[in-house]
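Novice: How does the following fold in three dimensions:
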Amino acid sequence: MSKSKPRIAVGETVTIRLRMSMHDGHYAGHLVDGARMLGLFGDVATELLIRFDGDEGLFRAYEKVEFLAPVFAGDYIEAVGKIVQVGNSSRKIEFEARKVAKNLTEAEGAKAVSSAEFLEHPIVVCKAVGTCVTPKELQRYEH
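Specialist: The predicted structure is shown next:
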């Protein structure tokens, strides 16, 4: 059986965007646990691997994680990833999470609990580099 071409190329990005809920707020002031960003990176990696290999693959390890700014319940986070290096079964992936919208505080001019704004310049809240593995026998696409 011949293999078809991948649905994404090395260096192309996958993006997901979602709002952090009150349930995500883990600490005082509804601060979101940094591990939530790693969960988003796992979702991005899954989509990348499905599109690149035709299989979800397995997350092997992070070699670098940087938490750069706080995330709060109500913030909209955009998580982006791209495959930057390909081995026989390993895929090195770079990730970045950005705050693209936030709830406003009273000090920032909030008139109601639901006051929010999209940011003119997104704030990078987390960066990471990780490696995922798709076993050769599960790779459905030709590389």
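Novice: what does the worst-scoring helix or strand of the chain on mean pLDDT contact?
Specialist: Least confident helix or strand, the chain: strand 25-27 with a mean of 87, by mean pLDDT, DSSP states H and E. By CB atoms under 8 Å, 6 or more residues apart in numbering, the residues outside strand 25-27 that reach it are 31-33, 72-73. C-beta here means a position set from N, CA and C on the backbone, and glycine is covered the same way.
Novice: Mark which of the residues you listed are buried, thanks.
Specialist: Buried residues within the contacts of strand 25-27, counting neighbours by 16 or more other CB atoms under 10 Å: 32, 72-73.
Novice: I'd like the next helix or strand past the helix or strand harbouring Gln85.
Specialist: Per DSSP states H and E, Gln85 falls inside strand 76-86. Of the helices and strands lying after strand 76-86 in sequence (DSSP H and E), the nearest is strand 90-103.
Novice: Partner strands of that next one, with direction?
Specialist: Strand 90-103 has its sheet partners listed here by DSSP bridges as strand 76-86 (antiparallel), strand 116-133 (antiparallel).
Novice: Mind checking the pLDDT average for that strand?
Specialist: For strand 90-103, mean pLDDT rounds to 95.
Novice: Check stretch 122-142 too.
Specialist: On average, stretch 122-142 scores 96.
Novice: Alpha carbons of that stretch, as CSV, please.
Specialist: The C-alpha trace of stretch 122-142 is given here as CSV (Å, rounded to 0.1, in the frame of the first residue of the first chain):
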residue,chain,number,x,y,z
PRO,A,122,-0.7,39.8,22.0
ILE,A,123,1.3,38.9,25.1
VAL,A,124,3.5,35.8,24.9
VAL,A,125,2.7,33.9,28.1
CYS,A,126,4.6,30.6,27.5
LYS,A,127,7.1,29.1,25.1
ALA,A,128,8.3,25.5,24.9
VAL,A,129,10.2,23.0,22.8
GLY,A,130,9.2,19.4,22.9
THR,A,131,9.6,16.1,21.1
CYS,A,132,6.8,13.7,20.1
VAL,A,133,7.2,10.3,18.6
THR,A,134,5.1,8.5,16.0
PRO,A,135,6.2,4.9,15.7
LYS,A,136,7.2,4.0,12.1
GLU,A,137,4.5,1.3,11.8
LEU,A,138,1.8,4.0,12.6
GLN,A,139,3.0,6.6,10.1
ARG,A,140,0.5,6.7,7.3
TYR,A,141,2.1,9.5,5.2
GLU,A,142,5.2,9.5,3.1
